[in-house]
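Trainee: fold the stuff below for me.
(one chain, ligands or ions: 2)
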Amino acid sequence: MFEDRTKRTEVSSLGEFGLIDYLTKDINLFNDSTEYGIGDDAAVINPQGKKVLISTDLLVEGVHFDLTYSPLKHLGYKSVIVNLSDIAAMNAIPTQITVSLALSNRFSVEAIEEIYKGIKLACKQYNVDLIGGDTTTSKSGLMISITVLGLAEEKDIVYRKGAKAGDLLCVSGDLGAAYAGLLVMEREKSEFIANPNMQPQLEGLDYILERLLKPEARVDMVNIFKEIGVKPTSMMDISDGLGSEIKHICKQSDVGCSVYEDKIPIDQQAWDMAREFKMDPTNLTLNGGEDYELLFTISQDDYEKVKGVNEIIIIGYMTEPEAGINLITKNNVSAPIKAQGWDGLVDSNEE
Ligand code: ADP
Ligand code: MG
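Mentor: Residues are numbered from 1 along each chain as shown. Ligands and ions are numbered 1, 2, ... in the order given. Below you'll find the model as predicted:
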């Protein structure tokens, strides 16, 4: 989509060092904490008295992404975003990344450059420095491993384990849209395989496709929490479905939870797509993944501070662990949220 397919430079014509030089020649550094970036055996970071947070993700072609519908630039962007999201989920600010690539000879210099355009765009957008990486060959497709570093004051770091009974459960935005986008892309892909002359039917689906292909990390929430003077009691990012993430918080905090079905935010496009695929829209939010919103709990004492904030959507409250993890449906029936979906006795969407 972005690639100029008319031009193809083999990686072998530049060599590994030539390729690294070519990809990293115009790297900008934004952070004072970066003392030395690319070019030596290791980068040098100065955390300036703060705590350093580290997270890493490995993305494998055919497992985590499908190049038939992921443009390379978007893939580069998203690879960075999924890492930044993990740092935001700790209530910290991401500051540096390293990028490691395993490339098969299927990828030209131009193709790799597209991935880097996406990586650099994400770095610029989020003020993150690309400070190193590794480049090697692969015999089976593309692999991208990114490690992110972030900084925070010790007192500000939020873990998954701090939720208490009575806390409010919140999310930072709508859910299910990325999975709705994936359903569309998988459908279009199989229709294309069946009939290569088919034109993809993607009109009016821009939001869900963007949520899938070019998600954002909610680093802005870290600043919002600071501005309003609220520290969540627990937090994580929603990379799997809401249902499984709620379970992580409940397990690590030793609490239960009640979630109101009618409070779970879902975009209209995602809702319509769930209906088109004959799925329960609530199940889309509970089991769809890759929304990269934040899921967090706040103390009831902070209710006044968060109630006017658009980015903070209260969807339920934490309970004693014995009460379990439940969905309170639109018909006001309480049903346990299971690994897949919820144990609905009634289809609450038949209104
Ligand atoms: P080494 O032999 O120590 O692994 P390399 O020759 O692989 O060193 O890397 C040289 C420099 O280029 C290092 O600073 C390394 O972090 C950086 N680098 C290597 N590959 C990449 C990449 N794909 N993206 C960004 N920086 C890279
Ligand atoms: Mg190396």
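
Trainee: report how many residues lie close to whatever residue of the stretch 201-350 of the chain ends up closest to ligand 1.
Mentor: In the stretch 201-350 of the chain, the residue that lies nearest ligand 1 is Ala217 (19.8 Å; CB to the nearest ligand atom). (Each C-beta comes from the backbone N, C-alpha and C, glycine too.) Close neighbours of Ala217, defined as other CB atoms under 10 Å, add up to 28.

Trainee: mind listing what it touches?
Mentor: Ala217 makes contact with Ile81, Val82, Leu84, Ser85, Ala88, Pro94, Tyr126, Asp237, Tyr292 under the criterion CB atoms under 8 Å, 6 or more residues apart in numbering.

Trainee: try Leu213
Mentor: Leu213 neighbours (CB under 8 Å, 6+ apart): Tyr69, Ser70, Pro71, His74, Lys78, Gly181.

Trainee: can I get those residues in a markdown table with pLDDT?
Mentor: Compiled in a markdown table, these are given as follows (pLDDT from 0 to 100):
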| residue | pLDDT |
| --- | --- |
| Tyr69 | 86 |
| Ser70 | 90 |
| Pro71 | 93 |
| His74 | 96 |
| Lys78 | 97 |
| Gly181 | 96 |
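
Trainee: strands along this protein, start to end?
Mentor: Using DSSP state E, the strands of the chain run over residues 34-36, 44-45, 51-60, 93-103, 129-137, 143-152, 168-171, 234-237, 256-260, 294-298, 313-319, 325-328, 334-336.

Trainee: hey, which of those strands is tucked in deepest?
Mentor: Using mean count of other CB atoms under 10 Å, the stretch among the strands of the chain with the largest mean neighbour count is strand 294-298, at a mean of 26.

Trainee: need the residues of the stretch 251-351 of the chain near ligand 1, please.
Mentor: Neighbours of ligand 1 within the stretch 251-351 of the chain, by CB under 6 Å from any ligand atom: none found.

Trainee: poorly predicted segments of the stretch 251-351 of the chain, please.
Mentor: For the stretch 251-351 of the chain, the stretches with pLDDT under 70 are 339-351.

Trainee: would you tell me which residues of this structure are close to ligand 1?
Mentor: 20, 24, 38-41, 99, 101, 130, 132-135.

Trainee: ok, the residue lying closest to Leu183 once chain neighbours are set aside - how many residues close by?
Mentor: In space, and not counting its chain neighbours, Leu183 is closest to Phe277: 5.5 Å by CB to CB, 6 or more residues apart in numbering. Residues within reach of Phe277, counting by other CB under 10 Å, total 12.

Trainee: one more: Leu205?
Mentor: Neighbourhood size, Leu205 [other CB under 10 Å]: 21.

Trainee: Ser253 too?
Mentor: Residues lying near Ser253 (other CB under 10 Å) number 22.

Trainee: which parts of the protein belong to which domain?
Mentor: 11-156, 160-336 (automatic domain parsing).

Trainee: and the residue most central in space within the chain, what does it touch?
Mentor: Within the chain, one residue has its C-alpha closest to the average C-alpha position: by CA atoms, centre = their mean, that is Tyr292, at 3.2 Å. Going by CB under 8 Å, 6+ apart, Tyr292 touches Ile81, Val82, Ser85, Ala178, Pro215, Glu216, Ala217, Arg218, Asp237, Ile238, Ser239.

Trainee: which of those residues fall within helices?
Mentor: Among the contacts of Tyr292, DSSP state H puts Ile81, Val82, Ser85, Ala178 in helices.

Trainee: now render those as CSV, adding neighbour count, pLDDT and distance to Val63.
Mentor: Putting those into CSV (neighbours: other CB atoms under 10 Å; pLDDT from 0 to 100; distance: CB to CB, whole Å) gives the following:
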residue, neighbour count, pLDDT, distance to Val63
Ile81, 22, 98, 18
Val82, 20, 97, 14
Ser85, 27, 98, 19
Ala178, 24, 96, 16
